[in-house]
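Q: curious how this folds, go ahead:
(chains A and B)
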Amino acid sequence: MTSGREEVEAGALLASTLAAERLRIVATLIRRTGDWELAEDAVQEAAARALTAWPRLGMPENPGAWLTTAARNAAVDALRRAASERTTAGRAAVESLVDLEEDRARALGASDPPSAPPGLDDDRLRLIFTCCHPALPLEARIALTLRTVVGFEVGEIARAFLVAEPAMQKRLVRARARIRDAGIPYRVPREHQLAERTEAVLAVLYLLFTEGYSGGEELVRVPLAAEAIRSTELLAALLAETPQAPEVLGLLALMRFQHSRAAARLDAAGDLVLLEDQDRERWDAALIGTGVAALAASEAARRRLGAPAGPYRLQAEIASVHATAPSASSTDHARIAALYARLARVQPSPVVELNRAVAVALAEGPEAGLVILDALDGERIERHHLLHAARADLLRRAGRPAEALPHYRRALELAPSEPERRFLERRIRTLS
Amino acid sequence: MQYLLFIIGDPAAPAYVPEEDNIEEWVQEVDRRGIGRVGDRLRPPADATTVTVRDGRTILTAGPFAETAEWIAGFDLIDVDSLDEAVEIAAKHPMARFGRVEVRPTWPFEETAER
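A: Got it, this is the predicted structure:
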């Protein structure tokens, strides 16, 4: 007989063990079997077994090792069940899984996980790079990363991206088939490809983060931002000794700074609160602190390599100026404008130029910002609501409300989210 | 795995610069690594004949199967370990710069049963 208390304890232990070990176990099973679905199912089955076994038999001394063995056994069982229909590949996978016991002893046998920085052949790194392989369509990279790296249920991913569960299931099946049929390798890219491939991984992680950050369905999407940060932390640890470290740490810092404002971005009514109007008491000071630390680590790694600062790193620095300013009025806008100018050189884009215009306006006055906006090549950005909102805002600040109004209205037409639309409607009401 | 590289001409690509055409280097590398199976240029699309059989009748059409600005100018069959290696080889082909290269895995008939 088990008491409720033991079940609660088992649940908590399982959750923390999965958080620490799930990715490593899934990644190793995929390498050994080449079967993504089997690996994910095996870990799920192992977790279910743990929930019934641990309260009955007592908590294992090394729950990570317990889960690894249980998942391996589940995978071996599944493969043996299917063995009659399988080719030699299936039998090879069974044999390879039996060896896994030794791997586990190496990885988990000591009381603590290895403290040395993991080598570049770490299974988790393999998995992340394969999920984010640029030969996969972007939507497939996102779905695979959420399913396999983060460990979301298919239903959760479907809800976060507002599609039906069977459609998401199909997308995942197609993605796994493409990895197999196109010959996408399950490995960390070779050194000469590592830079651009890491860029692709960072783009997926940042996209996950911004989906969680800017989405209207707050309750569903907020965990996305937190999971994106967690995955970036892992990536930063895994790539700590590579030339990619400064940018990964830069992205990590950027996410932490942005996420620190999550509680202050919306008011009680769910309306958008501008950065300058946010209650800084509600910013997460601890998260800002870890953001500053990541930024410092990024700079240290950059100096070691003698490389120029990359785009994520520069955006993180901009976010850091905002996050560490005691008030909106004391923010160093001249420094922010200078950082945007550097960013525009590293990664030229109309959106960067737009942000630079706003920063210059805050540093030197709205007319100076309007000059930059006028010089922007409009075609690509014409349908971007922020261009119109920014122009409207600068005109308003310059004391030209009549000219501002049509731009606010155009921004309202294009704005993608409900809080943004409500904000623009309020502005239009106060001006007209 | 075997991949067929379709060497594609693209009128929107940068102008062809003969001095930057390093096709000989490319062929040497493929030969040295022993990954090339077969490859050749193709006559222009105007010299193509498209074969269609409908209701038992064979219909020949002068010209390529589709009217597109891009055309297949040549092909190479290579045998490498993974898509990454195929992409690396394709990216070194001069026509990746003066046109495009489509990388397509072959699908051997003996694999059909499993898929």
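Q: mean confidence score for stretch A:373-383?
A: For stretch A:373-383, mean pLDDT rounds to 77.
Q: can you give me the first-to-last residue distance of it?
A: Counting by CA to CA, to the nearest Å, you get 15 Å between the two ends of stretch A:373-383.
Q: burial measure for the closest residue to chain A within chain B, as a count.
A: Nearest residue of chain B to chain A: B:Ser82, at 3.7 Å (CB to the nearest CB). In this view, the C-beta of every residue, glycine as well, is placed from N, C-alpha and C. By other CB atoms under 10 Å in any protein chain shown, 16 other residues sit near B:Ser82.
Q: also the one 5 residues further on?
A: Counted with other CB under 10 Å, the neighbours of B:Val87 add up to 21.
Q: same check on B:Thr61?
A: Neighbours of B:Thr61 (other CB under 10 Å): 11.
Q: am I right that it is in a helix?
A: No: secondary structure of B:Thr61 (DSSP: H, G, I helix; E, B strand; the rest coil): strand, not part of a helix.
Q: ok, and the closest non-adjacent residue to it?
A: Leaving aside its chain neighbours, B:Thr61 sits nearest to B:Thr50 (4.4 Å; criterion: CB to CB, 6 or more residues apart in numbering or on different chains).
Q: quick one: contacts of the helix or strand where A:Leu412 lies?
A: Taking DSSP states H and E as the definition, one finds A:Leu412 inside helix A:401-414. Identification of contacts with helix A:401-414 by CB atoms under 8 Å, 6 or more residues apart in numbering or on different chains yields A:383-389, A:391-393, A:395-396, A:421, A:424-425, A:427-428, A:431-432.
Q: what do you get for stretch A:383-395?
A: Stretch A:383-395 has contacts (CB under 8 Å, 6+ apart) with A:350-351, A:354, A:357-358, A:361, A:366, A:369-370, A:373, A:376, A:378, A:381, A:401, A:403-405, A:407-408, A:410-416, A:420, A:424, A:427.
Q: quick one: buried residues of it?
A: Of the residues in stretch A:383-395, A:His384, A:His385, A:Leu386, A:Leu387, A:His388, A:Ala389, A:Ala390, A:Arg391, A:Ala392, A:Asp393, A:Leu394, A:Leu395 count as buried by neighbour count, 16 or more other CB atoms under 10 Å in any protein chain shown.
Q: in helices, which of these fall?
A: Among the buried residues of stretch A:383-395, the members falling in helices are A:His385, A:Leu386, A:Leu387, A:His388, A:Ala389, A:Ala390, A:Arg391, A:Ala392, A:Asp393, A:Leu394, A:Leu395 (criterion: DSSP state H).
Q: make a markdown table from the residues you listed and add distance to A:Ala341 to it.
A: Listed next are those as a markdown table, based on distance: CB to CB, whole Å:
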| residue | distance to A:Ala341 |
| --- | --- |
| A:His385 | 24 |
| A:Leu386 | 19 |
| A:Leu387 | 19 |
| A:His388 | 23 |
| A:Ala389 | 22 |
| A:Ala390 | 17 |
| A:Arg391 | 20 |
| A:Ala392 | 24 |
| A:Asp393 | 20 |
| A:Leu394 | 18 |
| A:Leu395 | 23 |
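Q: A:Ala65 is in what secondary structure piece?
A: helix A:63-82.
Q: mean confidence for that helix?
A: According to the model, helix A:63-82 has a mean pLDDT of 93.
Q: from the contact counts, what lies against it?
A: Applying 3 or more CB pairs under 8 Å, 6 or more residues apart in numbering or on different chains; DSSP states H and E, we find helix A:63-82 packed against helix A:4-33, helix A:36-57, helix A:88-108.
Q: mind putting the ones you listed in TSV, mean pLDDT and distance to A:Leu138 included?
A: Shown next, in TSV, are these (pLDDT from 0 to 100; distance: least, CB to CB, whole Å):
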stretch	mean pLDDT	distance to A:Leu138
helix A:4-33	93	21
helix A:36-57	94	19
helix A:88-108	64	30
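Q: contacting residues for residue 71?
A: Went with chain A since none was named. Shown in contact with A:Ala71 (CB under 8 Å, 6+ apart): A:Ile25, A:Leu29, A:Ala42, A:Val43, A:Glu45, A:Ala46.
Q: let's do chain B instead
A: Shown in contact with B:Trp71 (CB under 8 Å, 6+ apart): B:Ile8, B:Gly9, B:Pro44, B:Pro45, B:Pro64.
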